[in-house]
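**Q** structure for the following, please:
(chains A and B)
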2 protein chains.
Amino acid sequence: MNRETEIDSTVSIMRRIRSIPLNSVPMRIQTPYLLFLADAQEVLSLKVAKGIVDWRPELCVGEIALPDCAVTLGVPQLTLTEAKERGAKTMVVGMNNSGGTIAANWIPTVLEALDRGYDIASGLHQRLGSLPEVRDQARRNNCQLIDVRHTEIELKTGTGLRRAGKRLLTVGTDCSVGKMYTALAIEKEMRARKFDADFVATGQSGIFISGKGMAIDCVVADFISGAVEQLSPDNAANHWDIIEGQGSLFHPSFAGVTLGLLHGAQPDAMVLCHAENRNFMRGMRAHKLPGLRETMELNLQTARLTSPDARFVGIAVNTVDLSPKDSQAVLEKYATEFELPCVDPVRTGVASIVDRITDLWPSD
Amino acid sequence: MNRETEIDSTVSIMRRIRSIPLNSVPMRIQTPYLLFLADAQEVLSLKVAKGIVDWRPELCVGEIALPDCAVTLGVPQLTLTEAKERGAKTMVVGMNNSGGTIAANWIPTVLEALDRGYDIASGLHQRLGSLPEVRDQARRNNCQLIDVRHTEIELKTGTGLRRAGKRLLTVGTDCSVGKMYTALAIEKEMRARKFDADFVATGQSGIFISGKGMAIDCVVADFISGAVEQLSPDNAANHWDIIEGQGSLFHPSFAGVTLGLLHGAQPDAMVLCHAENRNFMRGMRAHKLPGLRETMELNLQTARLTSPDARFVGIAVNTVDLSPKDSQAVLEKYATEFELPCVDPVRTGVASIVDRITDLWPSD
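**A** Just a heads-up that it's a prediction; the model follows:
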């Protein structure tokens, strides 16, 4: 971990001197990746790996899983040897569990990968180096252990002061409803239209995809909003930061992170992300999903603390479980009910949301 | 820090085995205390030290300050030698700054205290041991460095599940409006009436006063609500945890912590704390203080996510700046407007709030 710490500190000092946006990832993640799916039973728990496949397929030579893994990401299923032959440099621990810990049955694969010269990158809370056998194996093979959730960068508490430039934040009715996907799709569409727009990663998947950012749910609680202010500093008047949201104001485990992120992001524009046909909050049988209107109202009410003119510019619905016909019907229903562009980013793209942004903020 | 880590880990393991509430403070803080006021310019920045003087005066032999300190806590002003002669064992760094760092001009006093055999206890974010000269001096003198904000205890994400027992949480229009003071006063009054009630510390001052608890603003953001669930676990049906609130849902720096704490606490009862004659959020010239009704409405709305029947049982107003007559008038005004017991805990005590609790939850 010392090596990482040094890198982070160096990055941190350099960035403070050069005063460019903070970056919590050592710029040393070697690609391409081999994705380790561990013993995942549902794709939801593979957000990290799936995000990389969806957005940077060229960086993924394949996937490797434990025998009892129940899912695939549709990339080649390879052994450590085969992946190495295809050039894989880093094995990404692609599965996440709510505790963010490294399960005992994952360790043998990690140790073998290190023996074959792979760097290991993880988005879990638990540091890879906290496992003595992993730390020692990495040292022996002179391989890097990269925990994208951890940073040594000096953080400050939030100021709540307005910053120059424009900001869009994706918010959700729940966790895992497509906030990162929607933000990346909006960045892509805006860039295609020559907007000056940057995706701002606030979670491990986004960091792997964009190569920078900070895992907001991992900072000390006192610094949530301050960290987001540092991630999205003053910028040109027409610049857009497209900030990846986290969690939901209605999720009993993570709403605090969501609120701090919202206050630090001080969004001009918000996009509501929702997964159709989900009845309960993720992992929370006792908690029903909030309604879209209720979610928008609480986000608007709280966002206005640091961004008085915050408004919604669209709704992004994950309708993967629906037929094309039903999907279309759902999108039209919400579009009418809320008088907002309503899309399924995967099925329809996000053009109508960017149209709305263009109408509301015509560049001079 | 190793010694601390060992102690914490031991405590943690013991507590998991014995499944009693977590405790993030090594049970080794030697008393009595000498309070180090550093170069404080306002009493607000001495919350830690003032809390100890107010609630455990018998633990404070005196105070020591730097030449440019502008305030006193009214305890004997002593040199390190004089305090040692009066039995002081631990020097408490009693000043807090928003960054939570140890200022360079404080260090000489800390080093001299270590040379005279004092343990040093701090509630700052920055670990005392992160300063090499302090760490080495402590080692040389075999003194303890105690950072009450840091714990090695294993945390879990919040579940949002209902727990047995009753809980009261103090919430505020702003930071530093008396949430800890009010909670301690309610614990004292309830115990005098033979309630089974325990103060639950969520900040450094409360930890020094009660000898246990967890500094919630210092846990990793993902675990805010989970940490509070661990601090206030299942209990007897008639047991009351009187949980110290933190920050304010309307404070741009800390609202995330406040919301996570609220969800983890799942309060049956809430007491609104407010400082009269304060116009702006603490340290936030750009942000006006929210109204009492607005604050109660947002706290009720968000509290109901994990505590559907949450309700307010009183209002505690800090009227220190007002004449007795004006204070009385303010308390009566709020009592009438909100139909709740309204007190100034320092001037009137909190009996009327505990009366209301007795009416609402008559013990069987």
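**Q** so how far is chain B from A:G213?
**A** According to C-beta to the nearest C-beta, to the nearest Å, A:G213 and chain B sit 15 Å apart. C-beta here means a position set from N, CA and C on the backbone, and glycine is covered the same way.
**Q** in the stretch 101-250 of chain A, where is pLDDT below threshold?
**A** By pLDDT under 70, the low-scoring segments of the stretch 101-250 of chain A are A:151-152.
**Q** give me the buried positions along stretch A:116-127.
**A** Buried residues in stretch A:116-127, defined by neighbour count with 16 or more other C-beta atoms under 10 Å in any protein chain shown: A:116, A:118-127.
**Q** quick one: the strands in the stretch 201-350 of chain A, in order.
**A** Ranges of strands in the stretch 201-350 of chain A, per DSSP state E, counting those that start in this stretch, are A:240-243, A:269-275, A:280-281, A:284-288, A:311-318, A:342-343.
**Q** distance between the last one and the chain's centre?
**A** Here strand A:342-343 shows a centroid-to-chain-centroid distance of 21 Å under the convention C-alpha atoms, centre = their mean, to the nearest Å.
**Q** helices or strands next to that strand in the packing?
**A** In terms of contacts (3 or more C-beta pairs under 8 Å, 6 or more residues apart in numbering or on different chains; DSSP states H and E), strand A:342-343 is packed against strand A:311-318, helix A:324-338, helix A:351-360.
**Q** for B:L73, find the nearest of those.
**A** B:L73 sits nearest to strand A:311-318 of all those, at 48.2 Å, using C-beta to C-beta.
**Q** what's the closest one packed up against?
**A** Using 3+ C-beta pairs under 8 Å, 6+ apart: strand A:311-318 touches strand A:269-275, helix A:292-303, helix A:324-338, strand A:342-343, helix A:351-360.
**Q** what about the helices in chain A?
**A** Taking DSSP state H, the helices of chain A run over residues A:2-18, A:47-55, A:80-85, A:107-115, A:132-141, A:179-192, A:204-210, A:224-231, A:255-265, A:292-303, A:324-338, A:351-360.
**Q** turn these into a markdown table, columns for mean neighbour count.
**A** Below are the helices of chain A laid out as a markdown table (neighbours: other C-beta atoms under 10 Å in any protein chain shown):
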| stretch | mean neighbour count |
| --- | --- |
| helix A:2-18 | 14 |
| helix A:47-55 | 22 |
| helix A:80-85 | 16 |
| helix A:107-115 | 18 |
| helix A:132-141 | 15 |
| helix A:179-192 | 23 |
| helix A:204-210 | 26 |
| helix A:224-231 | 27 |
| helix A:255-265 | 30 |
| helix A:292-303 | 18 |
| helix A:324-338 | 15 |
| helix A:351-360 | 17 |
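**Q** any chance of the ones you listed in JSON lines, plus distance to chain B?
**A** As requested, these are exported to JSON lines (distance: least, C-beta to the nearest C-beta, whole Å):
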{"stretch": "helix A:2-18", "distance to chain B": "12"}
{"stretch": "helix A:47-55", "distance to chain B": "14"}
{"stretch": "helix A:80-85", "distance to chain B": "31"}
{"stretch": "helix A:107-115", "distance to chain B": "18"}
{"stretch": "helix A:132-141", "distance to chain B": "15"}
{"stretch": "helix A:179-192", "distance to chain B": "16"}
{"stretch": "helix A:204-210", "distance to chain B": "12"}
{"stretch": "helix A:224-231", "distance to chain B": "4"}
{"stretch": "helix A:255-265", "distance to chain B": "3"}
{"stretch": "helix A:292-303", "distance to chain B": "7"}
{"stretch": "helix A:324-338", "distance to chain B": "21"}
{"stretch": "helix A:351-360", "distance to chain B": "24"}
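**Q** same list, those, but as a markdown table with distance to B:E58 please.
**A** Converted to a markdown table, those look like this (distance: least, C-beta to C-beta, whole Å):
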| stretch | distance to B:E58 |
| --- | --- |
| helix A:2-18 | 43 |
| helix A:47-55 | 53 |
| helix A:80-85 | 64 |
| helix A:107-115 | 52 |
| helix A:132-141 | 45 |
| helix A:179-192 | 53 |
| helix A:204-210 | 49 |
| helix A:224-231 | 38 |
| helix A:255-265 | 36 |
| helix A:292-303 | 43 |
| helix A:324-338 | 61 |
| helix A:351-360 | 63 |
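**Q** quick one: which of those helices is nearest B:L44?
**A** That would be, of those and by C-beta to C-beta, helix A:224-231, which comes in at 20.0 Å.
**Q** contacts for the closest one?
**A** Contact with helix A:224-231 is made by A:21-22, A:155-160, A:163, A:200, A:202, A:213-214, A:216, A:219, A:243, A:256-257, A:260-261, A:263-265, A:306, B:221, B:252-257, as judged by C-beta atoms under 8 Å, 6 or more residues apart in numbering or on different chains.
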